[in-house]
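Novice: I would like the atomic coordinates for the input below:
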Amino acid sequence: MNSVNGRSGLSAIMVLLLLQLPACEWGGAGQVVLTGKTVYAGMAIEEVRVRVLRLDGDQWKESASGRSGYHGSFIVKTNPGTIRLEARGEIFRNNKKIPLAGRVTALEVPPGIRRMDRIVIELAPVPEKAVIFLR
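Specialist: Numbers count the residues shown, from 1 in each chain. Now for the predicted structure:
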């Protein structure tokens, strides 16, 4: 094996090990790892902020957040219960920034599980008038 293939193999192993870290129990007791993708028009979108919201009284409040990375993949941790996922990001098309947003409402995270995978947050362009209110 030459040194280039050796480094590629080692890099692949390191990536696989890093992907397993969120499943480790060094987070809070009973936390669930949520994994998924942020997509727009069938394309994975990177650098999207993903927020986990919980109902607190009559308002949704952020309990965790993260950013989508390579191929739109995200990982966030939360406690069991009813949550909502919100995502905000942007793309550039024709030298213009297009804000995107998406939501998964009322996702039930059952107690006793450790992971929920393959959650897809579909993003859509935010109308220009709504951008003022998002800031």
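Novice: Wait, Leu53 touches Ser63, no?
Specialist: Yes. Contact criterion C-beta atoms under 8 Å: Leu53 and Ser63 qualify, at 6.8 Å. For glycine as for every other residue, the C-beta is placed from the backbone atoms N, C-alpha and C.
Novice: and for those two, which residues touch both?
Specialist: Ile83 (C-beta atoms under 8 Å, 6 or more residues apart in numbering).
Novice: who's more crowded, the two?
Specialist: More crowded of Leu53 and Ser63, by other C-beta atoms under 10 Å: Leu53, with 20 against 16.
Novice: From Val126, how far off is the more buried one?
Specialist: 18 Å (C-beta to C-beta, to the nearest Å).
Novice: just Asp56 next, same as before
Specialist: 25 Å.
Novice: neighbour-wise, which of the two wins?
Specialist: Neighbours per residue (other C-beta under 10 Å) separate Asp56 from Val126, with Val126 holding more: 17 against 10.
Novice: tell me the strands in this structure, going along the chain?
Specialist: 32-40, 43-44, 49-56, 59-67, 73-78, 81-93, 96-109, 115-122, 124-125 (DSSP state E).
Novice: Show me what the fourth one is packed up against.
Specialist: By that I understand strand 59-67. strand 49-56, strand 73-78 (3 or more C-beta pairs under 8 Å, 6 or more residues apart in numbering; DSSP states H and E).
Novice: Which one of those strands lies nearest to Met43?
Specialist: strand 73-78 (13.3 Å; C-beta to C-beta).
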